[in-house]
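# Need a 3D model of the sequence below.
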Amino acid sequence: MGTVATTNISIRMDTELKKQAESMFAEMGLNMTTAMNIFLRQVVRQGKIPFEIATDIPNAEMLETMKEMNDTIHDSIPAEKFTDTKELREGLDS
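Below you'll find the model as predicted:
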């Protein structure tokens, strides 16, 4: 097989993000170039970004609100406790 032409690209990213990504890739036995090539090959093969990109990921405020709601629900609804399946079945039947 013949040689493949290559090209260099330059991208800007947060310094800390780059360090974290390089560390993760190193744990996988990859470097940034190999990881980016894997990503780009998957984009081309799949014809899309190979993972979901969503804006509906809960932020810290939403997570806190969800926790408060969950705590409120658990605090306001008494939970019946069962020690075995027989008690559970009797509780379900009543």
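
# Every contact and neighbour count from this point should use C-alpha atoms.
OK.

# Name the next helix or strand downstream of the worst-scoring helix or strand of the chain on mean pLDDT, please.
The helix or strand of the chain with the poorest confidence is helix 60-76; it has a mean of 78 (mean pLDDT, DSSP states H and E). For helix 60-76, the following helix or strand on the C-terminal side (DSSP states H and E) is helix 85-93.

# how many neighbours does residue 18 have?
Counted with other Cα atoms under 10 Å, the neighbours of residue 18 add up to 13.

# for residue 26, that is, sorry about that
Residue 26, neighbours per other Cα under 10 Å, totals 13.

# Which of the three states applies to it?
helix (DSSP: H, G, I helix; E, B strand; the rest coil).

# what about it, distance to residue 14?
18 Å (Cα to Cα, to the nearest Å).

# cool, and residue 82?
Counting by Cα to Cα, the gap from residue 82 to residue 14 is 53 Å.

# ditto for residue 62
26 Å.

# These two: which has the busier surroundings?
Neighbour count, other Cα under 10 Å: between residue 62 and residue 14, residue 62 has more, with 11 against 7.

# on that earlier part again, hey, C-alpha coordinates of the least confident helix or strand of the chain in CSV?
The C-alpha coordinates for helix 60-76 follow below in CSV (Å, rounded to 0.1, in the frame of the first residue of the first chain):
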residue,chain,number,x,y,z
ALA,A,60,-26.1,22.5,39.2
GLU,A,61,-29.2,24.5,40.0
MET,A,62,-31.5,21.9,38.3
LEU,A,63,-29.7,19.0,40.1
GLU,A,64,-30.2,20.7,43.4
THR,A,65,-33.9,21.3,42.7
MET,A,66,-34.3,17.7,41.7
LYS,A,67,-32.6,16.5,44.9
GLU,A,68,-34.8,18.8,47.0
MET,A,69,-37.9,17.5,45.2
ASN,A,70,-36.8,13.9,45.8
ASP,A,71,-36.1,14.5,49.4
THR,A,72,-39.5,16.2,49.9
ILE,A,73,-41.3,13.2,48.3
HIS,A,74,-39.4,10.7,50.4
ASP,A,75,-40.0,12.7,53.6
SER,A,76,-43.7,13.3,52.9
